[in-house]
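Colleague: Need coordinates for the following:
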Amino acid sequence: MSDDDLHDFERDSFTYDGKTRALFRQGAGPAVIVMAEFPGISPEVFDFARRVAGLGCTAVVPHLYGNPGRDPSPAAHGLVSALANVAGQLGPICVSREFVVLATGRTSPVVHWLRALAEHEHRRCGGPGVGAVGMCFTGGFALAMAVDDRLIAPVLSQPGLPLGFTSRQKYSIDLSASDLARVKQRCADGLSVMGLRFCGDRRSPAERFDFLRDQLGEAFIAIELDDAAANPDAVLDPHSVLTEHLIDEPGQPTQAALHRVLDFLGSRLLADHQPIGERP
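Modeller: So this is what the prediction gives:
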């Protein structure tokens, strides 16, 4: 895949608490905040956003890090350039005060900006609420945003933080105790949370989903796929369910998982949503 020129996305920006970030927006209808995995908003992430817009929602993609539209694979720019791109993003993220990379029991400060963005997009787009899809580095952000009642469809795709070097880090997610308590209360009141991962993925360890099951109970909808279901042409080991490791073909488990995510969003945000599997 080559770089995405984003010609079909509206470009905008949003400012909160003195911080301005670029946005890419497509579609009409209730808002879904689509947050990129590391090292940035790849063409595959934008393709997922297009699928969200195709549901009848407004896909809103905030630029949190990286080079929007850049294909991170070595095939696109060469191995040296791909490695330089990764290194150029990893350092600033790890030292940034906005991202909690290693600590347990903490919510990343950037989530406050994302919650304000969700409130803004809800006012702008209308509908019963807002959806959020986080991937890898941003997976837990979708859960942290759910302390706000406006967030009614959180999806955590291969949540990768905190980095799982210790047992405690693996059996946790980047969320403070107070935020977790609020999310648990919302789940008791009817909120559902969807999570996706490959079974052998060490970057999003099995213990993290055990933690979410233990904390959220039946409100946590876990989709765990065999590693053999991942796209074999991908560069890295099975990890990115909705993007790099997706095989978007009928009968493929990753496509079925993608459709479950889209149906989850549509059923909560769109009154007239028809499940993908039931469409003519």
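
Colleague: For Arg70, which three-state class applies?
Modeller: coil (DSSP: H, G, I helix; E, B strand; the rest coil).

Colleague: wait, it sits on Glu44?
Modeller: No. Judged on Cβ atoms under 8 Å, Arg70 makes no contact with Glu44 at a distance of 11.3 Å. To be clear about C-beta, it is placed using only N, CA and C from the backbone, and glycine gets the same treatment.

Colleague: out of these two, which sits in the busier spot?
Modeller: Taking neighbours as other Cβ atoms under 10 Å, Arg70 and Glu44 compare with Glu44 leading, 24 against 20.

Colleague: Now do the one helix or strand Ile152 maps to: everything it contacts.
Modeller: Using DSSP states H and E, Ile152 sits in strand 151-157. Strand 151-157 is touched from outside by 32, 37, 115, 118, 128-136, 139-140, 142-143, 145-146, 173, 191, 193-197, 212, 240-242, 261, 264-265, 268-269, with contacts defined as Cβ atoms under 8 Å, 6 or more residues apart in numbering.

Colleague: Out of those residues, list just those in strands.
Modeller: With DSSP state E as the criterion, strands contain Val32, Val130, Gly131, Ala132, Val133, Gly134, Met135, Val193, Met194, Gly195, Leu196, Arg197 from among those.

Colleague: Is the fifth one bridged to anything, and to what?
Modeller: The reference is to Val133. When assigned by DSSP bridges, Val133 has beta-bridge partners Val34, Val155.

Colleague: All further residue positions should be reported with the first residue as 10.
Modeller: I'll keep to 10 as the first residue from here, and by that count the last item is Val142.

Colleague: which residues does it contact?
Modeller: Taking Cβ under 8 Å, 6+ apart as the definition, contacts of Val142 comprise Val41, Ile42, Val43, Met44, Phe57, Val61, Ala151, Val164, Ser166, Leu251, Val270, Leu274.

Colleague: how about TSV for those residues, with neighbour count added?
Modeller: What follows is the contacts of Val142, written out as TSV (neighbours: other Cβ atoms under 10 Å):
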residue	neighbour count
Val41	28
Ile42	27
Val43	30
Met44	25
Phe57	24
Val61	27
Ala151	28
Val164	27
Ser166	29
Leu251	25
Val270	23
Leu274	26
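
Colleague: Report the buried residues of the helix or strand following the strand holding Ile161.
Modeller: Counting by DSSP H and E, the element after strand 160-166 in chain order, helix or strand, is helix 176-179. For helix 176-179, burial by neighbour count (16 or more other Cβ atoms under 10 Å) applies to Gln178, Lys179.

Colleague: How far away from the center of its chain is helix 176-179?
Modeller: 21 Å (Cα atoms, centre = their mean, to the nearest Å).

Colleague: one step back: nearest to His72, of the contacts of Val142?
Modeller: Met44 (10.2 Å; Cβ to Cβ).

Colleague: how near is the closest residue to the closest one other than its chain neighbours to Pro284?
Modeller: Among residues not flanking Met44 along the chain, Thr147 sits closest, at 3.6 Å (Cβ to Cβ, 6 or more residues apart in numbering). For Thr147, the distance to Pro284 equals 26 Å [Cβ to Cβ, to the nearest Å].
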